Structures are given as structure tokens and as C-alpha cells.
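Undergrad: The following block contains a protein sequence and its predicted model.
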Amino acid sequence: MSLDYVKVSPGFEKYIAKEYRDFVEHGPFGKKVSVSQVGTFKEALEEHPMCAGCAMTLFIRLAIIAFPNPEDTITVGTAGCGRLAISQAMIPFVYGNYGDTNAVASGLKRGLMTRFPDKYKDVVVMAGDGGLADIGFSMMMHSWFRREKFTTIMLDNEVYGNTGGQESGMTTRGAVLKMAPLGKKFDKIDMPQLAKTAGCVYVATVVPNNPRRVESVIKKAVLIAREVGPTYIQAYTSCNIEYAIPTDKVMEDANNVEKDRYQFQEYITDEAKQYLADKWGYSEYKKKEIPGEVKA
Amino acid sequence: MYLVANIDSEICGKTKCTLCTQYCPEANTIQYDKIRNTAFVSVDRCKGCMQCVWVCDTLAKHHAIKMVMIDQLPKEQLRTALDMHYESSNLLKDSKINLPHAELVGK
Ligand SMILES: Cc1ncc(C[n+]2csc(CCOP(=O)(O)OP(=O)(O)O)c2C)c(N)n1
Ligand code: SF4
Ligand code: SF4
Ligand code: SF4
């Protein structure tokens, strides 16, 4: 919330919590901040116990900067590494049981729409590949089938990082992990395709080696979910512990994996394009593209 | 003792670069001083992962970041970093910043 929400009587400002004032005066509350200004404002994310150099940490950091309205956002997470950081931000965080995130988020978003019909309240699920593609699979799919209006972000490190290296549905075929020593026998689940089939109106795959791009897809996904329908982002967020990546090579790994199997892909329905153009001034979606027409 | 990143503001200040601020995995850790045009590290938050070193060497090609044992940080550099904290125009203006090594420079 910004001080527009909390009206302080003159002279009483100093009794408002220091942290809160910091976020209003030097942070992202009540104003727009962008990744390109980072380092000059106080970020909503704070210190947390995730591993040094973890790409998931970087992605979460960028995602939180990108939220269009952090003071009107609620994050939903679950067991897994990501919640260790997501819960340490000046943004309300709901801990869904492992697997429950998208059911919790569905109820939460509907409640918020009923309670605040004239305001946008953004709900964003951020959970691991195990949490979403394995145990949370049915609840995630059903939230999409029901076209629930919130964003789901998969922090895809291709492993159960928090519990020491079991394979998940998103692990690649053949990968040998500490607790999957025989190697994965099946292919990585094609979740972006499933998301499209299940009714997501915006789907993107990203790697955090391009901070501006992460910012752009998160913004679009959250805005579209306000009124058009469910949105899904899948981010490659390597686990340098389980995949033994030296921390100063994490970005090199991200570049290699991006080339190999994580190319940037963005799917957006015409309805979502039009919504972004009309409501949020996205000029790239303003002109109606006529297939086959070549402009001089 | 442990390693933390240390930015040479002589080198960084001559560039218009802000790249490492966007790649450090930790929030509120590499900050940017708009007065001196240089990035600087809040070393009490740095986890020593060296991603910023890779970014500055490989992407930005400025070679301004070195890893230093926290008790070996050059005093002059440290003083500047502390001053930056207090002076930096728009940043954490009235925060009491509790740097673990503050006693090293007698602040
Ligand atoms: C119902 C339930 N089953 C199992 C667990 C144990 N558990 C905690 S974290 C985790 C794995 C997390 O893996 P993933 O979702 O891929 O996230 P990551 O840690 O890799 O980010 C498991 C199995 C749990 N907390 N709750
Ligand atoms: S275990 Fe892996 S995914 Fe979890 S915080 Fe550490 S490096 Fe990141
Ligand atoms: S990458 Fe190097 S030159 Fe660029 S802002 Fe960081 S320290 Fe300065
Ligand atoms: S070493 Fe890692 S944590 Fe420390 S400033 Fe550099 S990127 Fe950030």
C-alpha cells in the first residue's frame, strides 16, 4: 500500500513504521519502478536464506520488481526453495500446502474480486516445477480450465532442489541426479503447450539472463490476468547446488540452456493483445496485423 | 572470513554502465550512486557468488569488480562506500545502515 491508502494525520508521519515509510519514500509503493532503475530504489524483496548465486533468486528478485502494483499484489507459494525468498518481501505471501497453490490462489482471487470490485488486486503463484508439474498438476490444470484470473509462474530448476535432488516431471530425459541415480526415463513435460490447451491466454518461457525481458513478460502476464484470463510463465531458474554449476558460471549455463531447450517464446491471444493495447497502452499490439500483408 | 564483491569506483565511475545491478541475485545489494555515477556493494548483504564479477568482466567488459576478504576491504574504498550510503541522493536517505564492519573505519 502507498500512503494514498494509509492517510496519516500531519505530524504523525514519524510514528508510521520505518520499513513502511521506506517503501513509500524510497521504494516501489505508489510509483512505477523498473529494472533499469534498479540500485537507486529500495526493493520490496529483502534478505533471505536461498543459496548464493541461485538463478531462482535472481528471477524472483526481477519478478518482484516487475509487479505492476506491488502494494496491491499477493503472492502464493509453497514448499520448495522459492518461498524462502518470496516470503521475505514487503508483499503479502500465502503459503499453500505443497500442491495446493492454484486452488488457494483461485479462492483468494475470487474473494478479492468480491471484496474489492472496483480495484485490481493481483494474485501471483510462484512455485517450483515439482510443486506445479507434479503434485500440484491437477489443481493447476483445473484453475486454467476454470479460467481463473491470476498468474502462475513456474520456477523451473528441473529438480526438487529443496529436498536434495529428486527428479520432477520437468527434469530432462536422461538427467542423473543425486536421488535419481538411474537417470530420468521420460521426457520433460511440455507445460507451455498444456497451458495453451487448458486455456491460458498468455504463456511465456524465459531465462533470467535477460532481466528486461523477465520484467516485460511478468508485467504483461499480471496485467492480462486482471481481466482476460489465466496466464502462465515458465522460467528456467537453474539449481547450482543439484546441478553442480559454479556460481560464477550460472549465467553461462543460462545462456547454454536457453539455446538448447529454453528459447524465449511468447504466446498471446488476440483478446489479450487488444486488452493490453486498449487498456494499458501497449503500442506494439495497437496495429491490427493482417496476415499476408506486407508493409513497405 | 569470507569473500565479498568490491567495486572499483575509479573504473566503474568512468562508464555509464549499470549492468551488474540487474544481475546480482540478491536484492538491495549492488546499489547505484547517482552522484558519483558508480555502482557499489552493500557488503553486509553480499553472498560472494561472483555473478557480478562475471557480468562486469564478460558482458560489460569493464573489469571493475574483484572479490576481497571482508576484513581486507581497502579502507579508502570502504569509507567511500559508507559515504555513498549516507549521501546517495534518493537512496535509503535516513536509514540507519548497520554495516558489520563499521567499526573498522570508526563510523
Ligand atoms: C505434501 C508434501 N509432500 C512433500 C513435501 C516435501 N517437500 C518439500 S519441498 C519439496 C520439493 C520441492 O521441489 P520443487 O517444487 O521442484 O521446488 P524447488 O525446491 O526445486 O524449488 C518436497 C517434496 C511437502 N512439503 N509437502
Ligand atoms: S538448492 Fe538449488 S534451487 Fe534451492 S536455493 Fe539452492 S541453488 Fe537455488
Ligand atoms: S558491471 Fe562493472 S562497470 Fe558496470 S556498473 Fe557494474 S561494476 Fe560498474
Ligand atoms: S558476489 Fe554475488 S551477491 Fe555479492 S554483489 Fe556480486 S552478484 Fe551480488
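TA: Done, it's in. Ligands and ions are numbered 1, 2, ... in the order given.
Undergrad: Can you classify the residue of chain B found nearest ligand 1 by secondary structure?
TA: Of all residues in chain B, B:Pro25 sits closest to ligand 1, at 14.2 Å by C-beta to the nearest ligand atom. C-betas here are computed from N, CA, C, even on glycine. Under DSSP: H, G, I helix; E, B strand; the rest coil, B:Pro25 falls in the coil class.
Undergrad: any idea how far A:Ala55 is from it?
TA: Going from B:Pro25 to A:Ala55 by C-beta to C-beta, to the nearest Å gives 7 Å.
Undergrad: So for the residue in chain B that chain A sits nearest to, what's the nearest residue that isn't a sequence neighbour?
TA: Of all residues in chain B, B:Cys49 sits closest to chain A, with a separation of 3.0 Å (C-beta to the nearest C-beta). Once flanking residues are discounted, B:Cys49 sits nearest to A:Gly53: 3.0 Å by C-beta to C-beta, 6 or more residues apart in numbering or on different chains.
Undergrad: Nearest residue to the middle of chain B?
TA: Central residue check for chain B by C-alpha atoms, centre = their mean: the C-alpha nearest the mean position is that of B:Val41, 1.9 Å away.
Undergrad: Could you give the number of residues near residue 24?
TA: Here I'm looking at chain A. 21 (other C-beta atoms under 10 Å in any protein chain shown).
Undergrad: my bad, the chain I had in mind was chain B
TA: Neighbours around B:Cys24, by other C-beta under 10 Å: 27.
Undergrad: thinking again about what came up before, sec struct for the residue of chain B closest to chain A, please.
TA: coil.
Undergrad: same question, A:Ile74
TA: Going by three-state DSSP: A:Ile74 is strand.
Undergrad: Quick check: the gap between the closest residue to it other than its chain neighbours and ligand 2.
TA: Among residues not flanking A:Ile74 along the chain, A:Pro92 sits closest, at 4.8 Å (C-beta to C-beta, 6+ apart). Distance from A:Pro92 to ligand 2, counting by C-beta to the nearest ligand atom, to the nearest Å: 22 Å.
Undergrad: residues in contact with A:Pro92?
TA: A:Thr73, A:Ile74, A:Thr75 (C-beta atoms under 8 Å, 6 or more residues apart in numbering or on different chains).
Undergrad: Please name the bridge partners of the second one.
TA: I take that to be A:Ile74. Assessed by DSSP bridges, A:Ile74 has beta-bridge partners A:Val123.
Undergrad: Surely it touches A:Val94?
TA: Yes. With contact defined as C-beta atoms under 8 Å, A:Ile74 and A:Val94 form a contacting pair (6.3 Å).
Undergrad: got any residues that touch both of these two?
TA: Shared contacts of A:Ile74 and A:Val94 (C-beta under 8 Å, 6+ apart): A:Leu108.
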